[in-house]
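Q: got a predicted structure plus its sequence, pasted below:
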Amino acid sequence: MVWQPKKKKNEFTNNYITDYLRNFQNPHENVREYTDNIIRYLRLTKYVFIRGGGYYIDIESRRMIEIESILKQDNGAARQFTLDEYKRYISDYNAYILPFETVTSLTDIALGIIDENKKLAEGIGIDITPIEVPKTSDEIKKAISELRVKRNELQNMKIKYEYQNIMKINEVLNALSDLLDRKTRKANRPSVELEKWVNIALNILNDAILIKPNAPAGDDNEPTFTAPSGVPDIECLYEGFNAICEVTMITGRDQWYNEGQPVMRQLRSFEQVNNSNDNYCLFIAPRLHIDTINTFWNAVKYEYQGQRQKIVPITITKLMDILIAVRDVRASNKTFTKDDLRQLYDSCIDVSNVSDSTMWLEHINKTISMWSKAIV
């Protein structure tokens with residue numbers, strides 16, 4: 001008899017639904033939604049991390065001081081509250097002191113992160129300024145927060161070093177391909193996954209000074225949600241120019257509503273802060289809605305709030321084409337730099353010979369194809 005794991009898995013799932021979930025509406029879909037929500041809540045605690053493509057949940061070893069102190073103090077039994085006490089308990093962080101918020105425990109936490117940051121910096125060949133751990137609990141908590149931000153920065157810088165070989169580039173291509181295939185999509189949170197893999201793709205491309213994702217991340221640098229409103233999804237700082245990157249999984253007319261004006265407004269805010277250099281926006285989606293293209297066309301061809309903008313809208317497939325070209329350049333032992341990327345951006349927004357917005361997307365696609373052949 002041939003072992004059929006997929007068949008056995010489906011049998012187990014169907015039997016479980018028959019035994020326990022027969023009264024649920026759309027149980028297969030609801031179970032996935034419940035699981036995704038539970039994992040998301042667990043991730044937000046920062047006390048667990050997900051590995052193995054989302055199939056395994058581990059205790060976050062970087063938070064063991066916090067976790068062990070909570071387990072020692074709390075056995076999980078229900079506590080007695082009056083209504084007013086309960087309201088204060090769940091709404092006021094100062095209503096209680098967490099068991100690890102002592103000077104000794106906080107100092108140990110800070111020293112652990114300092115040591116980890118030092119090792120990360122050494123691994124990518126940079127120096128970081130050593131710091132002294134403060135003496136009071138409030139000051140140490142502030143220092144811990146800053147140290148964790150620095151750790152995420154170092155982890156993101158490490159991506160550039162880890163993903164330069166061809167096998168790693170293929171890993172990114174496979175992940176982006178999975179996001180496009182709805183039938184075999186592995187990601188439970190495709191919007192979060194798209195930001196993650198686009199960030200890695202931008203780190204792969206060239207010699208950026210800094211690629212900075214604004215999505216909240218856990219201690220393992222895995223994003224827990226998409227970037228908040230009011231900031232770009234990803235900020236890209238290069239020598240001589242800058243860019244933001246905005247991504248979305250929306251493909252219908254809502255794409256124009258959710259991304260059209262907000263993206264142009266986001267770019268304008270970024271331009272005002274970084275006004276000493278040219279600033280671009282790379283916009284990426286599975287498909288580009290014509291209303292979105294029309295909106296960006298006006299900003300590129302004419303103006304947005306009195307000035308033209310440099311917006312390059314592309315599909316995930318075209319981003320993959322750019323990565324494939326970079327991979328082939330690396331395989332030929334050639335160098336791909338920020339100047340090559342800027343040339344591509346400038347060619348895409350050169351609409352002097354493009355008659356209208358309906359032809360612009362075709363112009364961009366042809367430009368990427370010609371550019372890819374030229375650099376290889």
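A: Ah, there it is. Residues are numbered from 1 along each chain as shown.
Q: what ranges of the stretch 101-250 of the chain fall below the confidence cut-off?
A: Low-confidence segments of the stretch 101-250 of the chain (pLDDT under 70): 182-188.
Q: rerun at 90
A: For the stretch 101-250 of the chain, residues meeting the criterion pLDDT under 90 lie at 123-131, 152-153, 156-169, 178-192, 203-210, 216-230.
Q: can you show me the strands along it?
A: Per DSSP state E, counting those that start in this stretch, the stretch 101-250 of the chain carries strands over the ranges 210-213, 234-237, 241-247.
Q: what residues sit buried inside the first one?
A: Along strand 210-213, these residues count as buried under the neighbour rule (16 or more other Cβ atoms under 10 Å): 211-213. (Each C-beta comes from the backbone N, C-alpha and C, glycine too.)
Q: make a markdown table out of the residues you listed and add distance to residue 313.
A: Listed next are the buried residues of strand 210-213 as a markdown table, based on distance: Cβ to Cβ, whole Å:
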| residue | distance to residue 313 |
| --- | --- |
| 211 | 20 |
| 212 | 21 |
| 213 | 20 |
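Q: which one of the residues you listed sits closest to residue 83?
A: Closest approach between the buried residues of strand 210-213 and residue 83, by Cβ to Cβ: residue 213, at 42.0 Å.
Q: so who does the closest one touch?
A: Going by Cβ atoms under 8 Å, 6 or more residues apart in numbering, residue 213 touches 156, 195-196, 199, 223, 227, 233-234.
Q: of the strands of the stretch 101-250 of the chain, flag the one that's most buried.
A: Highest mean neighbour count among these (mean count of other Cβ atoms under 10 Å): strand 241-247, with a mean of 23.
Q: tell me the strands beside that strand, with direction?
A: strand 234-237 (antiparallel), strand 278-285 (parallel) (DSSP bridges).
Q: format the ones you listed as CSV; extra columns: distance to residue 260.
A: CSV is the format used below for the strands paired with strand 241-247 (distance: least, Cβ to Cβ, whole Å):
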stretch, distance to residue 260
strand 234-237, 19
strand 278-285, 10
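Q: so which of these comes closest to residue 361?
A: strand 278-285 (11.6 Å).
Q: can I get that closest one in CSV, CA atoms only?
A: In CSV, the C-alpha atoms belonging to strand 278-285 read as follows (Å, rounded to 0.1, in the frame of the first residue of the first chain):
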residue,chain,number,x,y,z
ASP,A,278,15.5,63.0,-6.1
ASN,A,279,12.8,60.8,-4.6
TYR,A,280,11.0,57.9,-6.3
CYS,A,281,8.1,55.6,-5.3
LEU,A,282,8.1,51.9,-6.4
PHE,A,283,4.5,50.6,-6.2
ILE,A,284,4.0,46.9,-6.4
ALA,A,285,0.8,44.8,-6.6
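Q: contacting residues around that strand?
A: With contacts defined as Cβ under 8 Å, 6+ apart, strand 278-285 is touched by 194, 198, 236, 240-251, 255, 259, 263, 266-267, 270-271, 292, 296, 309-316, 319, 342, 345, 349.
Q: need the buried ones from these selected in PyMOL.
A: Filtering the contacts of strand 278-285 down to the buried ones (16+ other Cβ under 10 Å) takes a single PyMOL command:
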select buried, resi 194+198+236+241+242+243+244+245+246+247+248+249+250+255+259+263+266+267+270+271+292+296+309+310+311+312+313+314+315+316+319+342+345+349
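Q: so residue 172 touches residue 197, yeah?
A: Yes. Residue 172 is in contact with residue 197 according to Cβ atoms under 8 Å; the separation is 5.8 Å.
Q: so what's residue 349 scoring on pLDDT?
A: Per-residue confidence (pLDDT) for residue 349: 95.
Q: and it, how far is that from residue 279?
A: Separation of residue 349 from residue 279 (Cβ to Cβ, to the nearest Å) stands at 12 Å.
Q: repeat for residue 81
A: For residue 81, the distance to residue 279 (Cβ to Cβ) stands at 53 Å.
Q: how far off centre is the host helix or strand of residue 41?
A: Taking DSSP states H and E as the criterion, residue 41 maps to helix 27-44. Helix 27-44 sits 19 Å away from the centroid of its parent chain (Cα atoms, centre = their mean, to the nearest Å).
Q: now do the strands in the stretch 251-376 of the chain.
A: Ranges of strands in the stretch 251-376 of the chain, per DSSP E, counting those that start in this stretch, are 278-285, 310-315.
Q: wait, which of the ones you listed is closest to residue 91?
A: For residue 91, the closest of the strands of the stretch 251-376 of the chain is strand 278-285, at 38.7 Å, according to Cβ to Cβ.
Q: scan the protein for its longest helix.
A: helix 137-162 (DSSP state H).
Q: good, we can wrap up now.
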